[in-house]
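J.: I would like the atomic coordinates for the input below:
(chains A and B)
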Amino acid sequence: MPVTVKTFASSGEAAAALSSDRGARYLGGGTLVMRALNEGDVSISTVVRVTDRALTRIDVSGARVVIGAGVTLARVLAERDLAFLHPPARSIGGPAVRNMGTVGGNLFAPSPYGDFTVALLALDATVSVQGGFGVRDVPIEEFLQSRERQSGALVLSVSCQRPASADAFRYRKIARIKPKGGSVITLAAHLPMSGGRITGARVALGSMAPTQMRAKAAERALEGRSLDASTMAAAAAAVAEGSAPADNALASAWYRREIVGVHLRRLLAGQE
Amino acid sequence: MPKTALQFHHNGREVAIFVDGGVNLLVALRELIGDMTPKFGCGQGGCGACSVLIDGELHLSCLTLAETVAGRSVQTLDGLKDGPNLHPLQRAFADNFAAQCGYCTPGMLMAAKALLDRNPQPSRAEVIEAISGNICRCTGYEPIINAVLAAASASRARA
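T.: Numbers count the residues shown, from 1 in each chain, chains lettered A, B, ... in the order given. The predicted structure follows:
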């Protein structure tokens, strides 16, 4: 069924068009919206595009890195200053998907997709959203909790602090097919160390709930401790708490719950 | 519903067509331009059979809104050969028995071209990564990887 394509020069106009039309969807790289159209999703009657170059900007000059919502995963991989985000970017799709899929779009990718967002959740990123009443900054956790109601808003960029050291941020995606495959589970951990102890631990999981989630029980097990065997064991034992994984073609919910502790321990121990 | 006029470069030739809203580039290429070399596989971005180069970059034409290529250069498998002469990658695919049913071959060739354009001497691991978004359901990956490496070493021999 043909849809109406509306192309705007500014994000503000596009956000207005999105919030005034229930059937309007924002088209970024196309890997989600074009797929829905190809499958005959009749809930989409209007496709909204923005040509504003600001959406494809990367700013690594300040203390926080800012990545425009329209930046592709391939561009993240080409940016040396974003090396800490290369493992999650590389774990997604093949080269063509990475040339198309965007950082902003990944925020909306349903489970088992959205691996980049798992990394951003562990890094406590901020999502900059253009709504009908201007731009507001939303913590990513809050954004994800209200994701299903965000269809009228337009994401402009995401920003986060660089991890304190290369070792402080870790990412691991478990897939059945290598190098490309959908996520069985995805894990990311940010473990800033202060005086040999973890301060401000954040552990994020993908494919363990309908949206990406924080493993808060595992974070509590890590907080204030040194990263030794007993801490790792305690975090691994607690990591599935509060999760609600689903059965799908990649794995069963039971399997996901069984292996998430194993992989968290390997992630914390720095094992391959 | 009104159609949208769309102009772009298709294998070096300027084309102008009218598209319905929401039409993807694969449909535009196959049904409106008559270039049947990009294939429809899954329509979801999972198989790579529809891979084309847009301004030299590997894209999935089934997930590309046709009107986003206005003024840009789209290269398909049909533009690879030079008159009656096969492209070195096509030659290498034939010599290395890299096609069984052949349905994935156009996408594999475009993914391989995107790799060799950027990295003329890839390692085996880099070839595997480059075609990781392309599925061959005959599972003939080994001869495909060998063919891409053979094309790379043939171009090194010519250089």
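J.: quick one: low-confidence ranges for the chain?
T.: All of this refers to chain A. Counting by pLDDT under 70, chain A has low-confidence residues at A:1, A:151.
J.: I was thinking of chain B, sorry if that wasn't clear
T.: B:159.
J.: Checking A:R25 next. Helix, strand or coil?
T.: Following DSSP: H, G, I helix; E, B strand; the rest coil, we place A:R25 in the strand state.
J.: Next, work out how far apart it and chain B are.
T.: 11 Å (CB to the nearest CB, to the nearest Å). Quick note: C-beta positions are derived from backbone N, CA and C, even for glycine.
J.: surely that residue meets A:V33?
T.: Yes: applying CB atoms under 8 Å as the test, A:R25 and A:V33 come out as touching, 5.2 Å apart.
J.: list residues touching both of the two?
T.: Any residue near both A:R25 and A:V33 by CB atoms under 8 Å, 6 or more residues apart in numbering or on different chains counts here, and that gives A:44, A:47.
J.: Looking at these two, which is more packed in?
T.: A:V33 (24 against 21; other CB atoms under 10 Å in any protein chain shown).
J.: element containing A:T31?
T.: Using DSSP states H and E, A:T31 sits within no helix or strand.
J.: Distance of the nearest residue to it once chain neighbours are set aside relative to B:R156?
T.: Among residues not flanking A:T31 along the chain, A:G101 sits closest, at 4.6 Å (CB to CB, 6 or more residues apart in numbering or on different chains). Distance of A:G101 to B:R156, computed by CB to CB, to the nearest Å: 33 Å.
J.: Those two: who's more crowded?
T.: Neighbours per residue (other CB under 10 Å) separate A:G101 from B:R156, with A:G101 holding more: 26 against 10.
J.: tell me the contacts of the more buried one?
T.: A:28-29, A:31, A:72-73, A:92-93.
J.: Spell out for me which residue occupies the centre of the chain.
T.: As the question left the chain open, I've gone with chain A. A:T117 (0.5 Å; CA atoms, centre = their mean).
J.: my question was about chain B
T.: B:M110 (3.1 Å).
J.: got a winner among the contacts of A:G101 for most neighbours?
T.: A:L73 (29 neighbours).
J.: Test my guess that it contacts A:F116.
T.: Yes: A:L73 lies in contact with A:F116 (CB under 8 Å); the separation is 6.7 Å.
J.: what residues are shared contacts of those two?
T.: With CB under 8 Å, 6+ apart as the test, A:L73 and A:F116 both reach A:89, A:92, A:103, A:106.
J.: does any bit of the helix or strand where the first one lies sit next to chain B?
T.: What that stands for is A:A89. If you go by DSSP H and E, A:A89 is part of helix A:86-90. No: Helix A:86-90 stays clear of chain B (CB under 8 Å from any CB of the partner chain), getting no nearer than 8.7 Å.
J.: Just give me the neighbour total for the closest residue to chain B within the stretch 101-250 of chain A.
T.: Closest to chain B within the stretch 101-250 of chain A is A:K180: 4.0 Å, counting by CB to the nearest CB. As a burial measure, A:K180 scores 21 neighbours (other CB under 10 Å).
J.: and it, what element?
T.: Going by DSSP H and E, A:K180 is not in any helix or strand.
J.: What are the boundaries of the strands in the chain?
T.: All of this refers to chain A. Using DSSP state E, the strands of chain A run over residues A:4-8, A:24-26, A:46-50, A:58-59, A:64-68, A:126-131, A:134-139, A:154-161, A:169-175, A:183-190, A:193-194, A:197-198, A:202-206, A:213-214.
J.: Chain B was what I was after
T.: Going by DSSP E, chain B shows strands at B:4-10, B:13-19, B:51-54, B:57-60, B:73-75.
J.: With distance to B:T105 and mean neighbour count added, can I get those in a markdown table?
T.: Listed next are these as a markdown table, based on distance: least, CB to CB, whole Å; neighbours: other CB atoms under 10 Å in any protein chain shown:
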| stretch | distance to B:T105 | mean neighbour count |
| --- | --- | --- |
| strand B:4-10 | 20 | 17 |
| strand B:13-19 | 23 | 13 |
| strand B:51-54 | 11 | 27 |
| strand B:57-60 | 15 | 27 |
| strand B:73-75 | 16 | 20 |
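J.: Turn the strands of chain A into CSV, columns for distance to B:G41.
T.: Formatted as CSV, those follow (distance: least, CB to CB, whole Å):
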stretch, distance to B:G41
strand A:4-8, 24
strand A:24-26, 24
strand A:46-50, 23
strand A:58-59, 32
strand A:64-68, 31
strand A:126-131, 34
strand A:134-139, 37
strand A:154-161, 30
strand A:169-175, 20
strand A:183-190, 22
strand A:193-194, 47
strand A:197-198, 46
strand A:202-206, 26
strand A:213-214, 33
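J.: Now do the longest helix along chain B: which elements does it pack against?
T.: In terms of residue count, the longest helix belonging to chain B (DSSP state H) is helix B:141-158. Contact here means 3 or more CB pairs under 8 Å, 6 or more residues apart in numbering or on different chains; DSSP states H and E; on that basis helix B:141-158 packs against helix B:88-95, helix B:105-118, helix B:124-130.
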